[in-house]
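Colleague: Sequence first, predicted model second:
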Amino acid sequence: ASDTGGGIVPFPFILFPKKGWTLTKILQSACNPLQTKGGLAAAYYLRNFLGYKDSEHKINFLELLRRAIYRNSNLYSTARIPKRNGKYRILNIPCHELKIVQRLINKTILQKTRVLKCTFGFYGGSGLEALKKVVKPEQAIFSVDIVDAFSNTTARAVYHVFRRLKFRHFASYYLTCWTT
């Protein structure tokens with residue numbers, strides 16, 4: 001997802017300072033949500049919710065999350081593949097550990113999320129074949145292909161999807177960091 005328009009900086013929300021906090025403490029907590037009590041609790045909640053076991057992976061969960069928050073360049077590699085029209089499609093390929101987390105998010109959250117019955121792009125297999133089963137030959141079909149859908153999806157929009165799925169602030173923010 002794009003960083004423009006949706007604004008995902010290390011931590012996009014200002015925390016209200018607690019009594020006795022110094023300016024330094026406020027700035028540190030605003031820059032690193034993992035240093036806050038709620039932020040760390042949300043990270044542990046997601047680790048358990050997703051079923052990520054540190055012992056089974058090269059990178060522990062909190063380190064992978066920290067890298068995602070700060071947009072570490074080692075999380076993705078880039079590849080260009082040619083399209084039929086002569087242009088190139090740019091692919092951002094997640095590293096092995098990030099791919100594992102993204103698959104866990106897909107399995108435990110996204111695949112269990114209901115989408116409108118009139119949409120076909122969210123299901124496995126051919127959307128056209130599924131559409132033929134429910135549409136009569138005389139009915140009109142409205143088909144849309146969104147150009148550069150992934151690169152035009154803002155992190156803010158993704159964050160709000162997770163919020164609508166009832167994840168709290170920090171959990172939604174972390175899920176957004178892993179998926180955009």
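Modeller: Right, received. Where do you want to start?
Colleague: Helix or strand: which one has the most far-flung residue of the chain relative to its centre?
Modeller: Taking C-alpha atoms, centre = their mean, the residue of the chain most remote from its mean C-alpha position is Glu138, at 39.2 Å. Using DSSP states H and E, Glu138 maps to neither a helix nor a strand.
Colleague: The helix or strand hosting Ala43: what's the following helix or strand?
Modeller: Taking DSSP H and E as the criterion, Ala43 maps to helix 37-50. Toward the C-terminus, helix 37-50 is succeeded by helix 61-69 as the next helix or strand (DSSP H and E).
Colleague: who does that next one touch, helix- and strand-wise?
Modeller: If you count contacts as 3 or more C-beta pairs under 8 Å, 6 or more residues apart in numbering; DSSP states H and E, helix 61-69 packs onto helix 37-50, helix 96-108, helix 169-179. Quick note: C-beta positions are derived from backbone N, CA and C, even for glycine.
Colleague: what number of residues lie near Val147?
Modeller: For Val147, the count of nearby residues is 6 (other C-beta atoms under 10 Å).
Colleague: returning to that earlier point: out of the helices and strands packed on helix 61-69, which is closest to Leu116?
Modeller: Comparing those against Leu116 with C-beta to C-beta, the closest turns out to be helix 96-108 (18.8 Å).
Colleague: Could you list every helix and strand in contact with the closest one?
Modeller: By 3+ C-beta pairs under 8 Å, 6+ apart, helix 96-108 packs against helix 37-50, helix 61-69, helix 169-179.
Colleague: quick one: low-confidence parts of this protein?
Modeller: By pLDDT under 70, the low-scoring segments of the chain are 1-31, 117-131, 141-146.
Colleague: mind listing what's buried in stretch 154-174?
Modeller: Of all the residues in stretch 154-174, those buried under the rule 16 or more other C-beta atoms under 10 Å are 154-156, 158-159, 161-163, 167, 170-174.
Colleague: Could you dump these into TSV and include distance to Lys133?
Modeller: Output for the buried residues of stretch 154-174, formatted as TSV (distance: C-beta to C-beta, whole Å):
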residue	distance to Lys133
Thr154	34
Ala155	36
Arg156	36
Val158	31
Tyr159	35
Val161	28
Phe162	32
Arg163	34
Phe167	34
Phe170	42
Ala171	37
Ser172	35
Tyr173	39
Tyr174	38
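Colleague: For Pro82, what are phi and psi?
Modeller: phi -70, psi 140 (degrees, to the nearest 10).
Colleague: That one reaches Leu91, doesn't it?
Modeller: No. Pro82 is not in contact with Leu91 according to C-beta atoms under 8 Å; the separation is 11.8 Å.
Colleague: Compare these two (neighbour count), which wins?
Modeller: Leu91 (12 against 9).
Colleague: how about the residue lying closest to the more buried one once chain neighbours are set aside, what does it touch?
Modeller: In space, and not counting its chain neighbours, Leu91 is closest to Ala79: 4.7 Å by C-beta to C-beta, 6 or more residues apart in numbering. Contacts for Ala79 (C-beta atoms under 8 Å, 6 or more residues apart in numbering) come out as Ile90, Leu91, Ile93.
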